[in-house]
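Q: Sequence first, then the predicted structure, then my questions.
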Amino acid sequence: MTLLDRDLQFDCETGNYHTFCPISCVSWLYQKIEDSFFLVIGTKTCGYFLQNALGVMIFAEPRYAMAELEEGDISAQLKDYLELKRLCLQIKKDRNPSVIFWIGTCTTEIIKMDLEGIAVDLEKELSIPIIVARANGLDYAFTQGEDTVLSSLVLKTQARPKELGSPPLVLFGSVSDFVAEQLSFELTKLGVEVEGWLPSSKYADLPSLTEGGFVCGINPYLSRTATALMRRKRCKLISAPFPIGPDGTRAWLEKIALAYGKNITGLEVREQEAWDNIKSLVNQVSGKSVFFMGDNLLELSLARFLVSCGMIVYEIGLPYLDVRYQRAELDFLQRVCKKKGILFPKIVEKPDNTNQIERILSLQPDLVITGMAHANPLEARGINTKWSVEFTFSQIHGFANAKDILELILRPIDRKSFVDMHF
């Protein structure tokens with residue numbers, strides 16, 4: 001940790017990614033893009049992961065499937081084009097999607113499958129868009145799977161010529177329709193109209209992108225998508241803290257409103273109302289300590305919100321940190337720490353788990369937010385844990401959903417208090 005008058009302390013331990021597999025992004029994206037089909041191209045291990053981790057049985061007929069690579073594929077005895085054509089014809093006949101996503105895995109990277117080249121020819125032959133996203137665990141952490149899908153989806157959006165008047169606003173990041181409506185409504189009250197969301201619920205409803213138009217992300221792990229929007233579509237990125245917690249939501253709304261020259265009066269009252277609604281939960285977590293091991297790249301935003309709630313954050317571990325994309329969030333974290341008069345948390349990119357465990361055992365935090373692989377070993381050593389994946393699959397954006405974050409934090413703390421009291 002650093003002194004109050006210094007900048008945030010960054011460290012990189014060059015450890016391996018100890019995260020959920022990025023192909024798990026299929027689980028929420030196939031539900032978000034309702035007319036899509038996701039074909040994961042990998043080995044039986046990938047198939048076992050999807051079926052067990054996502055808990056979807058075959059009879060539920062989800063809109064995703066596995067294309068299992070066999071020995072003939074890996075040894076180049078089978079032709080990739082013909083095999084993928086056969087599968088896509090079957091998908092088109094059975095499900096008739098508006099778009100097919102091919103999700104590459106570690107194996108497709110290792111054997112150098114030319115998925116992009118095959119997709120270009122095959123989508124012409126089948127008259128259906130095919131989007132390739134390489135969500136392999138060699139290069140990407142857990143939630144970056146969504147980032148690769150959305151950055152590929154950007155290339156399929158239509159370009160629109162510049163128009164007179166205010167540039168359009170497109171928000172990017174996959175959230176439920178309910179959360180999207182909440183955030184859009186908050187912006188409408190400030191006089192800012194949302195042109196569209198990336199991704200949209202229907203492939204045909206993808207927003208067209210205007211050169212010079214504004215775009216803004218709602219999740220910290222979408223740096224590739226932001227880069228694609230700026231470089232490929234010449235959009236202007238609004239750099240803002242992410243709408244997680246009342247403070248983050250207000251800051252996010254303010255940044256967008258100021259980009260359009262709108263009046264931001266009333267947001268302070270709106271934020272205070274949100275804080276008042278969770279006051280009892282804030283009182284319960286205040287003074288408790290937390291340690292982020294690093295898994296889903298939401299750690300910085302969650303840590304900033306928990307610091308605002310009065311929690312002590314010892315360390316923020318992240319699998320990957322794009323400082324340019326998260327600059328506004330980092331600056332906001334720094335301001336919150338100074339306002340609270342507390343030490344800045346240590347930020348560790350690609351942490352070494354052995355070193356982290358030593359630090360955890362030394363610090364003895366009230367809660368460790370970690371990936372599923374480390375939860376049970378830490379619990380066995382008397383360390384209270386919470387799966388980071390639960391924050392990924394929960395609704396945590398906006399003023400109203402701050403309550404859900406604190407409830408997730410309090411469950412393991414309350415459970416440990418109950419056990420210590422009665423046993």
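A: Right, received. Where do you want to start? This is a predicted model, so every value here is computed, not measured. Residues are numbered from 1 along each chain as shown.
Q: Please list all residues in contact with the residue lying closest to Phe393 once chain neighbours are set aside.
A: Spatial nearest neighbour of Phe393, chain neighbours left out: Trp28 (7.1 Å); criterion: C-beta to C-beta, 6 or more residues apart in numbering. Glycine gets a C-beta too; all of them are placed from N, C-alpha and C. For Trp28, the contacting residues are Glu146, Ser174, Phe393, taking C-beta atoms under 8 Å, 6 or more residues apart in numbering as the criterion.
Q: can you tell me which helix in the chain is longest?
A: If you go by DSSP state H, the chain has its longest helix at helix 402-422.
Q: Are there helices or strands packed against that helix, and which ones?
A: Identification of packing neighbours for helix 402-422 by 3 or more C-beta pairs under 8 Å, 6 or more residues apart in numbering; DSSP states H and E yields helix 245-259, helix 279-285, helix 299-308, strand 367-370, strand 385-387, helix 389-392.
Q: re earlier: would you list the contacts of Trp28 in CSV and tack on distance to Leu122?
A: CSV is the format used below for those (distance: C-beta to C-beta, whole Å):
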residue, distance to Leu122
Glu146, 24
Ser174, 26
Phe393, 32
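Q: Write the PyMOL selection for whichever of the residues you listed are buried.
A: To isolate the buried ones among these in PyMOL, judged by 16 or more other C-beta atoms under 10 Å, type:
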select buried, resi 146+174
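Q: and which of the contacts of Trp28 is nearest to Cys46?
A: Glu146 (16.9 Å; C-beta to C-beta).
Q: tell me what the host helix or strand of the closest one is packed against?
A: Taking DSSP states H and E as the criterion, Glu146 maps to helix 144-154. Other helices and strands packing on helix 144-154, by 3+ C-beta pairs under 8 Å, 6+ apart, are helix 26-32, strand 99-104, strand 130-134, strand 194-198, helix 223-231.
Q: Tell me which of the helices and strands packed on helix 402-422 lies nearest to Ile347.
A: helix 299-308 (7.5 Å).
Q: list the helices and strands the closest one packs on?
A: Helix 299-308 is packed against helix 245-259, strand 289-292, strand 312-318, helix 327-340, helix 402-422, with contacts defined by 3+ C-beta pairs under 8 Å, 6+ apart.
Q: which one of those lies closest to Leu115?
A: Nearest to Leu115, of all the helices and strands packed on helix 299-308, is strand 312-318, at 28.5 Å by C-beta to C-beta.
Q: and that closest one with helix 299-308, angle?
A: Note on geometry: by axes from the mean of the first three to the mean of the last three C-alpha atoms, to 10 degrees, strand 312-318 and helix 299-308 are set 170 degrees apart in direction.
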